[in-house]
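A.B. asks: Give the three-dimensional model of this entry:
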Amino acid sequence: MSNEYSQKKTVRKSVALPYSVVQEAMSVAEPRPELGANFNQVVTTALREFAERHRAEQFAQDMAAMAADPAIQAENKGISGEFAGTEMDGLKDEKS
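C.D. replies: Numbers count the residues shown, from 1 in each chain. All right, here's what the predicted structure looks like:
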C-alpha cells in the first residue's frame, strides 16, 4: 500500500483496548509535540513503529539465514580469495 492513493485513504476501525494501555500510550505521547493528545496520531505512530520493527527483524532473520547458507559461504570465500592480494593496497605497514 505504498501508492499515493493508499497513503491518502483513511481506514476506520473499531477496536477495544484495555484502558491501562491507552492511558500508558497517551502519557508517553504527551511530551512528544508531534503526537500531543491526538489518539489517532498515537495509534498511527505505534502501528508504523510496529511494522518497521517487524520488517527489521525479518530482514535480520533473512540475513542470518543467508549467512548460514553453505552456497553463500562458498561464494564469499571465493570472492575473498580473489581480493586477498589487494587488502593492503595503499596502506602502509605500521611496523615499517
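
A.B. asks: what residue lies at the spatial centre of this protein?
C.D. replies: Compute the mean C-alpha point of the chain, and by Cα atoms, centre = their mean the closest residue is Ala56, 3.3 Å away.

A.B. asks: Would you mind listing the buried residues in the strand or helix carrying that residue?
C.D. replies: Secondary structure from DSSP states H and E places Ala56 in helix 39-68. For helix 39-68, a neighbour-count test (16 or more other Cβ atoms under 10 Å) marks Val42, Val43, Thr45 as buried. (C-beta placed from N, C-alpha, C; glycine too.)

A.B. asks: So which elements touch that helix?
C.D. replies: Judged by 3 or more Cβ pairs under 8 Å, 6 or more residues apart in numbering; DSSP states H and E, helix 39-68 is in contact with helix 19-29.

A.B. asks: Compute the inter-axis angle for the helix it packs on and helix 39-68.
C.D. replies: Interaxial angle of helix 19-29 relative to helix 39-68 (axes from the mean of the first three to the mean of the last three Cα atoms, to 10 degrees): 90 degrees.

A.B. asks: Can you tell me, leaving aside adjacent residues, what's nearest to Ala67?
C.D. replies: Distances taken as Cβ to Cβ, 6 or more residues apart in numbering place Gln73 nearest to Ala67, at 7.6 Å, with adjacent residues excluded.

A.B. asks: what's the distance between that neighbour and Thr10?
C.D. replies: Here Gln73 is placed at a distance of 48 Å from Thr10 (Cβ to Cβ, to the nearest Å).

A.B. asks: Who has more neighbours out of the two?
C.D. replies: Gln73 (12 against 5; other Cβ atoms under 10 Å).
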